[in-house]
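**Student:** based on what follows, work out the 3D shape:
(one chain, ligands or ions: 1)
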Amino acid sequence: MRTGQQYIDSLRKRDIKVYLKGELLESSTVVDHPFIRGHVASAAMTYDLAHDPRYEDLMTVKSHIDGRTINRFTHIHQSTEDLLKKVKMLRMISQKTGTCYQRCVGFDALNALYTVTFEMDAKLGTDYHKRLQAYLEYVQDTDIMVAGAMTDPKGDRSLRPGQQADPDLFVHVVKRDDKGIVIRGAKAHMTGMVNSHEMLIMPTMAMAPEDKDYAVSCALPVDAPGVIHIFGRQTNDDRKCEGDMDQGNARYGIVGGECLTVLEDVFVPWDKVFMCGEIDYAGLLVERFACYHRQNYGGCKGGVSDVVIGAAAVMADMSGYGKAAHIKEKLNEMIHMAESLYACSVACSAEGKKTASGAYFVDPLLANVGKHNVTKLIYDIDRLAQDIGGGLTATMPSEADLRSPVIGKYVEKYLKGVVSVPTEHRMRIGRLIENMTGGTALVESMHGAGSPQAQKVFYSKLSNLEHKKRLALDIAGVPVAETPKKPA
Ligand SMILES: Cc1cc2nc3c(=O)[nH]c(=O)nc-3n(C[C@H](O)[C@H](O)[C@H](O)COP(=O)(O)OP(=O)(O)OC[C@H]3O[C@@H](n4cnc5c(N)ncnc54)[C@H](O)[C@@H]3O)c2cc1C
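**Tutor:** Got it, this is the predicted structure:
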């Protein structure tokens, strides 16, 4: 297993093309760019914590392939206990970083592909699972970070991939020969991509027969010829080029350092191709990945919320209203919501089932309900944090003002809360609340792992409304045969 430092050193050796604010970055220094280094430090925690004896049980596990101890982020879940430990691990890491550490996306892609390639081979006689197994062994051997690349730009949402005016708005195969395939298109919102070693491409939705070239899944290095990454902007990101205080979470940043990854005729050898034209399995892969990924959110957002709740409570204490009844009530409300999110992730893990491949899969209904709660409750938790934090979290002068020999004394004097607390400390907590409850962080809760409607479609399909109707009819003593089958 790599350490955090070994992980960072290995990233410097890539020949990666990252554009940021229109400029191509020097590849060996991508990890040092002020916009990127926090995300790298956050991902490095997934490596360092695997060497910390306190977290050995959560962060490491025996490989089901050869029994070696591996980092859990490269593991295939072998039991419901593995699923539970994943959620606990995510909450624990989030409590330390206060933000995303990005590595779960590739972890979920590996597990989803493991189950789907097995079922595909059993039905179609293909050999994708063997290839995936070999790739998995490579990932476990090298402990690399793999970005999970599902979301296509999608263009006009009312049109299917092949109906778009521009065929490249969904990643597709443009050439096949005896050596491999060539793919073209782009993947959007790519978490941790610029600080990963490889990416796992998956289709973004179920495919129709005419979309055969779009049903493609494969692995490739992030610095493969033809791959270009365009780094995304975030709320207040220029502050990263200044001192650390105004950032709020200077060590680990906000969310996962997302980018737009362009694939301009990229060659992928057959041994790294895990789906190529099997349209019937594209939808299944999307569903499996989405459910594994939605399982995470009560873990990671539970941990992030622990930090937000702590920050709000500290701000109340520092400002002299920590003992007020309505503040305690609001903090309790926040705790209730955070634990409710966590409970869904625990529940969908505990209710997980073995798939044909032997890997365990979460309960899809509960995983989707959990992620759907995240799209609402995080907004409520953050709303209460902003309520408790006060207007300061939106209007505070800068660190430079605090340090100014001319006006610093005014900032010091007028931003003071209780006398015993240095003004700088109160400002730091205010900035943390601003950082954690602001634009980029909130949008991730809404759209990360799929927009709310995607979860609603899932749980309405799985919840079996007809069964619920029959329960009611039975208890009310109404014969089932006498009720209309469909609403009039
Ligand atoms: C911070 C962040 C990190 C992310 N990280 C990753 C990652 O690492 N890997 C990855 O693969 N993806 C990632 N995503 C992408 C995420 O899965 C998508 O944002 C999500 O699936 C929504 O897709 P979209 O952004 O294209 O929005 P859209 O699909 O455009 O959705 C916008 C709205 O339009 C609605 N809508 C969309 N299509 C239709 C339609 N046909 N009919 C009716 N309504 C429609 C949606 O329900 C939604 O309300 C990330 C997203 C964010 C915000």
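
**Student:** mean confidence for the top helix by length along the chain?
**Tutor:** With secondary structure taken from DSSP state H, the chain has its longest helix at helix 279-319. For helix 279-319, mean pLDDT is 98.

**Student:** just stretch 326-338 next, same as before
**Tutor:** 98.

**Student:** now do the strands in the stretch 151-300 of the chain.
**Tutor:** 172-176, 180-190, 198-201, 216-221, 227-231, 259-269, 273-276 (DSSP state E, counting those that start in this stretch).

**Student:** deepest of those strands, which one?
**Tutor:** Among the strands of the stretch 151-300 of the chain, strand 198-201 has the highest mean neighbour count (mean count of other C-beta atoms under 10 Å), at a mean of 26. In short, each C-beta sits where N, CA and C put it, glycine included.

**Student:** angle of the helix or strand that the longest helix of the chain is followed by against helix 279-319?
**Tutor:** For helix 279-319, the following helix or strand on the C-terminal side (DSSP states H and E) is helix 325-350. Counting by axes from the mean of the first three to the mean of the last three C-alpha atoms, to 10 degrees, helix 325-350 lies at 150 degrees to helix 279-319.

**Student:** one step back: next, format the strands of the stretch 151-300 of the chain as JSON lines and append distance to the ligand.
**Tutor:** Compiled in JSON lines, those are given as follows (distance: least, C-beta to the nearest ligand atom, whole Å):
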{"stretch": "strand 172-176", "distance to the ligand": "16"}
{"stretch": "strand 180-190", "distance to the ligand": "3"}
{"stretch": "strand 198-201", "distance to the ligand": "9"}
{"stretch": "strand 216-221", "distance to the ligand": "12"}
{"stretch": "strand 227-231", "distance to the ligand": "12"}
{"stretch": "strand 259-269", "distance to the ligand": "10"}
{"stretch": "strand 273-276", "distance to the ligand": "15"}
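
**Student:** about what we covered before: ok now the longest helix of the chain, how far from the chain's centre?
**Tutor:** Taking the mean of its C-alpha atoms, helix 279-319 sits 8 Å from the chain's own mean (C-alpha atoms, centre = their mean, to the nearest Å).

**Student:** so is that helix next to the ligand?
**Tutor:** No: legend: contact between helix 279-319 and the ligand by C-beta under 6 Å from any ligand atom is lacking; minimum distance shown is 8.2 Å.

**Student:** and that helix with strand 216-221, angle?
**Tutor:** Angle of helix 279-319 versus strand 216-221, following the same axes, to 10 degrees, is 60 degrees.

**Student:** tell me the mean pLDDT over stretch 409-425?
**Tutor:** If you average the pLDDT over stretch 409-425, you get 98.

**Student:** any idea how far that stretch is from the middle of the chain?
**Tutor:** 37 Å.

**Student:** before we move on, what about stretch 273-286?
**Tutor:** For stretch 273-286, the separation from the chain centroid amounts to 22 Å (computed by C-alpha atoms, centre = their mean).

**Student:** ok so, going back, export the strands of the stretch 151-300 of the chain to a markdown table and tack on distance to residue 371 and mean pLDDT?
**Tutor:** Listed next are those as a markdown table, based on distance: least, C-beta to C-beta, whole Å; pLDDT from 0 to 100:
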| stretch | distance to residue 371 | mean pLDDT |
| --- | --- | --- |
| strand 172-176 | 28 | 98 |
| strand 180-190 | 16 | 98 |
| strand 198-201 | 20 | 98 |
| strand 216-221 | 22 | 98 |
| strand 227-231 | 26 | 98 |
| strand 259-269 | 23 | 98 |
| strand 273-276 | 24 | 98 |
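
**Student:** make a markdown table from these and add distance to residue 295 to it.
**Tutor:** Output for the strands of the stretch 151-300 of the chain, formatted as a markdown table (distance: least, C-beta to C-beta, whole Å):
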| stretch | distance to residue 295 |
| --- | --- |
| strand 172-176 | 29 |
| strand 180-190 | 19 |
| strand 198-201 | 18 |
| strand 216-221 | 20 |
| strand 227-231 | 27 |
| strand 259-269 | 24 |
| strand 273-276 | 21 |
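
**Student:** got the residues of the protein near the ligand?
**Tutor:** Proximity of the chain to the ligand, by C-beta under 6 Å from any ligand atom, involves residues 105, 148-151, 154, 157-158, 189-191, 255-256, 258, 443-444, 447-451, 453.

**Student:** what subset of those is buried?
**Tutor:** 105, 148-151, 189-191, 255-256, 258, 444, 448-450 (16 or more other C-beta atoms under 10 Å).

**Student:** picking up where we left off before, just the residues of the chain next to the ligand: which are in helices?
**Tutor:** Here DSSP H is the test, and the residues of the chain next to the ligand give 105, 443, 444, 447, 453 as lying in helices.

**Student:** now residue 31: phi and psi?
**Tutor:** Main-chain dihedrals, residue 31, degrees, to the nearest 10: phi -70, psi -20.

**Student:** and residue 130, what does it touch?
**Tutor:** residue 121 (C-beta atoms under 8 Å, 6 or more residues apart in numbering).
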